[in-house]
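Student: with the sequence up front, the predicted model follows.
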Amino acid sequence: MKRLIALGLILALSACGAARELKPAAGKALPIAPYGAAARPAASQLLTASSQARPERSDEVLTSSVERQGNEFDLPPKN
């Protein structure tokens with residue numbers, strides 16, 4: 001019974017989130033324009049990750065089997 005009440009409370013609290021546009025707090029402004037930029041970025045631009053911050057991944061591991069070349073410096077350890 002306690003688990004059911006806890007689960008209901010968790011579901012109720014998770015539904016409380018508001019999905020609306022983010023705005024700066026009252027009396028606060030967005031950060032100043034970056035050096036070299038002509039205009040101050042909007043809040044949506046600041047929340048979007050750049051390709052440098054979040055690079056795309058390639059899930060293609062190996063397309064064809066390629067035999068490795070010999071390494072002349074890969075010598076066994078001296079005993």
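Tutor: Perfect, thanks for sending it.

Student: what strand or helix carries Ser3?
Tutor: Wrong residue type there; residue 3 is Arg, not Ser. helix 2-14 (DSSP states H and E).

Student: so how far is that helix from its chain's centroid?
Tutor: 29 Å (C-alpha atoms, centre = their mean, to the nearest Å).

Student: pLDDT at Leu46, what is it?
Tutor: Per-residue pLDDT puts Leu46 at 81.

Student: what do you get for Ser64?
Tutor: Ser64 is given a pLDDT of 69.

Student: now do Ala18
Tutor: With respect to pLDDT, Ala18 scores 59.

Student: ok, residues contacting stretch 25-36?
Tutor: 24, 39-43, 46 (C-beta atoms under 8 Å, 6 or more residues apart in numbering). For the C-beta atoms, the positions are set from N, CA and C on the backbone; glycine is no exception.

Student: tell me the mean pLDDT for it?
Tutor: Averaged across stretch 25-36, the pLDDT comes to 84.

Student: then it to CSV, C-alphas only?
Tutor: Extracted as CSV, the C-alpha positions of stretch 25-36 are listed here (Å, rounded to 0.1, in the frame of the first residue of the first chain):
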residue,chain,number,x,y,z
ALA,A,25,14.2,36.2,-14.3
ALA,A,26,12.5,39.5,-13.5
GLY,A,27,15.0,42.3,-13.5
LYS,A,28,17.7,40.2,-15.2
ALA,A,29,18.9,40.3,-18.8
LEU,A,30,20.4,37.7,-21.1
PRO,A,31,24.2,37.5,-21.2
ILE,A,32,26.0,40.1,-23.3
ALA,A,33,26.8,39.4,-27.0
PRO,A,34,29.9,37.2,-27.5
TYR,A,35,33.0,39.0,-28.8
GLY,A,36,32.7,39.5,-32.5
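
Student: how far off centre is it?
Tutor: 23 Å.

Student: what's the answer for stretch 38-58, then?
Tutor: On the basis of C-alpha atoms, centre = their mean, stretch 38-58 sits 10 Å off its chain's mean C-alpha point.

Student: brilliant, that's me finished.
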